[in-house]
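*Asks:* here are the coordinates; sequence isn't available:
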DNA sequence: GTGATACATATCATCCTACAACTTGCGTCG
DNA sequence: CGACGCAAGTTGTAGGATGATATGTATCAC
């Protein structure tokens, strides 16, 4: 928990600020792919920091595949397709519209993954999922704990697909949504209590136990649409309402 | 193209090596979440590099949310759920089984996204998609060019969903698969020519023009299963064969 | 003895300088 | 005119110095 507080209120370190500046400049199109960045010395003068700080910032962008540095020449902006990592800007999460987009992505990922999980889960998976489910509705009414258990529930289902990439992606998207909701609550204390609908979770779990992919997918889809509604986001998914 | 070659044969810089070492140590579980890393000085002595190099390596891991540095105390390993970025190890892509997992993830993402795109696309989107389609089957029979056009086709469809996160995720997964195929071809020159099935693409495009979500989803699913087969991966998707 | 204050220590954050490695372009020389 | 080499610019690495922050310890007052 101490980590969580620190993670949220992270002090903006200098390299992080420089990296964020350059990153925005690239995303916004001021620096097109193929363009050459100013030299490290120029950047250090421009920002009023040491060259060391600039180097750490560039190292970060380079690790993400946003830029490529060539010794003796300079650093160049790479095309977006060459990115080696997916990173979501925390600032963007404060926009409700982006939260809606995240929920949409999550729905796509989790609905079909639930079907996969229903087909492939073994007893160990079911036990882990059940444990998370119990933690959610159980004695601990502490809010943060319930949210943790909720996320764990979804992660365990993702793990039951047996596909580590699916697990990684779903964990990531869920965590981004957690942050997004966190921000939304700070600015708008109306949703002070994000209720967790245990019934929806139970229906998903039952479908997994039954090994019914179609039922699991439908239950998961209904759950995520419901969860989005509870935080004030209505999903315009084509399948949500109209599909069979 | 020069960038591409350089990107593949990238010289392993020292900070990158240190970061990779620590990253593997964390992934493998030798350093559990909450554990404290050795001090920067210890690491610099252990690897025989300057403290500056160690700092750049740690800056990378910190940007990914793998570790958290606290001034005056040390650096600590964070839980996997707290990662701020998704990064896929290039080495892992050489494993065929992982390629299969990637195709599975891609199928989940793209099938439903195609349905969304069919519902939301405008004329501009259709034009961009058509342009990519033409480049694929057109005069340019240069292999790399066809692959580029293929990926562009998929990216443009993802863009037509109007959801930037979906676009980012699909672009990323497709690019990882491109690399994976690249590696597979180096070791096994059998698939020297990855044929691109234009007919499958046309069917997807037609469904998008018609604005038929269900048809677009089905066509996309068939296409990705087919593409996987053509590179020697058979997808065990529950929906692929049995659905409907 | 107990509590609080002050100090010493450990560690990360930033800065500075210097040199090595690499690329490019220009000028010199054969 | 060509080839070689040198100089300048840029990134890569090294090493030390100083500031900021957290922790433990010792001292001192009560």
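*Replies:* Looks like it arrived, so ask away. This one's a predicted model, so the numbers in the text were calculated from it and none came from an experiment.

*Asks:* in chain A, which spans are strands?
*Replies:* Remark: strands assigned in chain A by DSSP state E are A:67-70, A:74-77, A:85-87.

*Asks:* Just put these in JSON lines and tack on mean neighbour count, distance to chain B and mean pLDDT.
*Replies:* C-betas here are computed from N, CA, C, even on glycine. Shown next, in JSON lines, are these (neighbours: other CB atoms under 10 Å in any protein chain shown; distance: least, CB to the nearest CB, whole Å; pLDDT from 0 to 100):
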{"stretch": "strand A:67-70", "mean neighbour count": "17", "distance to chain B": "7", "mean pLDDT": "92"}
{"stretch": "strand A:74-77", "mean neighbour count": "18", "distance to chain B": "7", "mean pLDDT": "94"}
{"stretch": "strand A:85-87", "mean neighbour count": "19", "distance to chain B": "4", "mean pLDDT": "88"}
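
*Asks:* Compare those and give me the one nearest DNA strand C.
*Replies:* Closest to DNA strand C of the strands of chain A is strand A:67-70 (CB to the nearest atom of the strand; 6.3 Å).

*Asks:* Now do the phi/psi pair for the residue of chain A found nearest DNA strand C.
*Replies:* Residue nearest to DNA strand C within chain A: residue A:72 (2.4 Å; CB to the nearest atom of the strand). Main-chain torsions, residue A:72, degrees, to the nearest 10: phi 90, psi -10.

*Asks:* What distance do you get for it to chain B?
*Replies:* Using CB to the nearest CB, to the nearest Å, residue A:72 is found at 12 Å from chain B.

*Asks:* And for that residue, the neighbour number?
*Replies:* Neighbourhood size, residue A:72 [other CB atoms under 10 Å in any protein chain shown]: 4.

*Asks:* One more: residue A:81?
*Replies:* Using other CB under 10 Å, residue A:81 is surrounded by 16 other residues.

*Asks:* so it touches residue B:147, yeah?
*Replies:* No. Applying CB atoms under 8 Å, one finds residue A:81 not in contact with residue B:147, separated by 11.6 Å.

*Asks:* Show me the domain layout of chain A.
*Replies:* Following the TED database, one gets these domains for chain A: A:14-82, A:91-231.

*Asks:* Apart from its neighbours in sequence, what residue is nearest residue A:83?
*Replies:* Leaving aside its sequence neighbours, residue A:83 sits nearest to residue A:65 (CB to CB, 6 or more residues apart in numbering or on different chains; 4.5 Å).

*Asks:* Repeat that for residue A:125.
*Replies:* The shortest distance from residue A:125 to any non-neighbouring residue, by CB to CB, 6+ apart, is to residue A:160 (3.7 Å).

*Asks:* Let me see the contact set for that neighbour.
*Replies:* Contacts here follow CB atoms under 8 Å, 6 or more residues apart in numbering or on different chains; on that basis residue A:160 touches A:117, A:120-122, A:125-126, A:128-129, A:208.

*Asks:* Next: residue A:133.
*Replies:* Per CB under 8 Å, 6+ apart, neighbours of residue A:133: A:149, A:153, A:198, A:201-202, A:205.

*Asks:* same thing but 6 Å
*Replies:* A:153, A:201, A:205 (CB atoms under 6 Å, 6 or more residues apart in numbering or on different chains).

*Asks:* pLDDT score assigned to it?
*Replies:* Listed pLDDT for residue A:133 reads 88.

*Asks:* Put together JSON lines for the contacts of residue A:133, with neighbour count, pLDDT and distance to DNA strand C on each row.
*Replies:* Shown next, in JSON lines, are those (neighbours: other CB atoms under 10 Å in any protein chain shown; pLDDT from 0 to 100; distance: CB to the nearest atom of the strand, whole Å):
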{"residue": "A:153", "neighbour count": "24", "pLDDT": "93", "distance to DNA strand C": "34"}
{"residue": "A:201", "neighbour count": "23", "pLDDT": "90", "distance to DNA strand C": "39"}
{"residue": "A:205", "neighbour count": "19", "pLDDT": "94", "distance to DNA strand C": "42"}
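
*Asks:* that older thread, could you measure from the residue nearest to residue A:83 over to residue A:81?
*Replies:* Per CB to CB, to the nearest Å, residue A:65 is found 9 Å from residue A:81.

*Asks:* can you check residue A:104 too?
*Replies:* 22 Å.

*Asks:* can you pull the pLDDT of the residue of chain A positioned farthest from its centre?
*Replies:* Distance from the C-alpha centroid of chain A peaks at residue A:72, with 37.7 Å (CA atoms, centre = their mean). In this prediction, residue A:72 carries a pLDDT score of 90.

*Asks:* sorry, back to before: pretty sure residue A:86 is one of the things the residue nearest to residue A:83 touches, is it not?
*Replies:* No. Under the criterion of CB atoms under 6 Å, residue A:65 makes no contact with residue A:86, lying 10.4 Å away.

*Asks:* in chain A, which spans are helices?
*Replies:* Counting by DSSP state H, residue ranges of the helices within chain A are A:2-8, A:14-27, A:40-47, A:51-63, A:96-120, A:123-137, A:143-160, A:164-187, A:198-210, A:213-230, A:238-242.
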